[in-house]
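> Return a 3D structure for these sequence lines:
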Amino acid sequence: MSTLTLDAEALYRELLRGVRQLCAAQTRLVGITSGGAWLAQRLHADMQLDAAPGVISSSMHRDDFAQRGLAMGAQTVLPFDVNGADILILDDVLYTGRTIRAVINELFDYGRPACVKLAVLVDRGGRELPIQADFAAARVSLPPEQSLSLARSDTGVFSFQVKERAPC
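Next comes the predicted model:
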């Protein structure tokens, strides 16, 4: 069995390049808890943006809420008016599309944005919904029994964790 090796810091630099191309002066960054929020925070600093990034949770709109319950992660904080806003959602790994669907529902609870785009560090395929990223730093294939997530050290350095999922 081959081992997947991804350089999260190199992919972050590629994401930074892509986000710079997607962003206009009025674009607001919104990161999905937790990996996407880490990306939004770092992009905000590296791009020297004035407007603070938002954080959005998928917890309340997930289609598997009954099984998962409310996550203990961060809750949605959008420090700007969503109505008419140009929003770039950031996530670490795009897989089935269900988290993005839930996040878009959450976003529309706060208002009606003018435009919503999506940028991800890794698109791993396996979509169950017709959702795609406007920018993905990398595209990889993983077996369904593996999960991929972004990790962040105490010093802010990114890495990836690949884990075997428990059988259903």
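> now the strands for this structure?
27-32, 54-56, 86-94, 115-123, 135-139, 146-152, 158-164 (DSSP state E).
> Residue 78: which of those is closest?
With C-beta to C-beta, the closest approach to residue 78 among the strands of the chain belongs to strand 54-56: 4.1 Å. Yep, even glycine has a C-beta here, placed from its N, CA and C like the rest.
> Can you list the helices and strands that the closest one packs against?
Secondary-structure packing of strand 54-56 (3 or more C-beta pairs under 8 Å, 6 or more residues apart in numbering; DSSP states H and E): strand 27-32, helix 35-46, helix 98-109.
> go with 10 Å
Other helices and strands packing on strand 54-56, by 3 or more C-beta pairs under 10 Å, 6 or more residues apart in numbering; DSSP states H and E, are strand 27-32, helix 35-46, strand 86-94, helix 98-109.
> Endpoints of stretch 151-159, how far apart?
Between the opening and closing residues of stretch 151-159 lies a distance of 5 Å (C-alpha to C-alpha, to the nearest Å).
> Go through that stretch and flag the buried ones.
For stretch 151-159, a neighbour-count test (16 or more other C-beta atoms under 10 Å) marks 152, 158 as buried.
> what's the answer for stretch 131-140, then?
So for stretch 131-140, counting by 16+ other C-beta under 10 Å, buried means 133, 135-138.
> quick check, nearest of those residues to residue 156?
The closest of the buried residues of stretch 131-140 to residue 156 turns out to be residue 137 (C-beta to C-beta; 17.5 Å).
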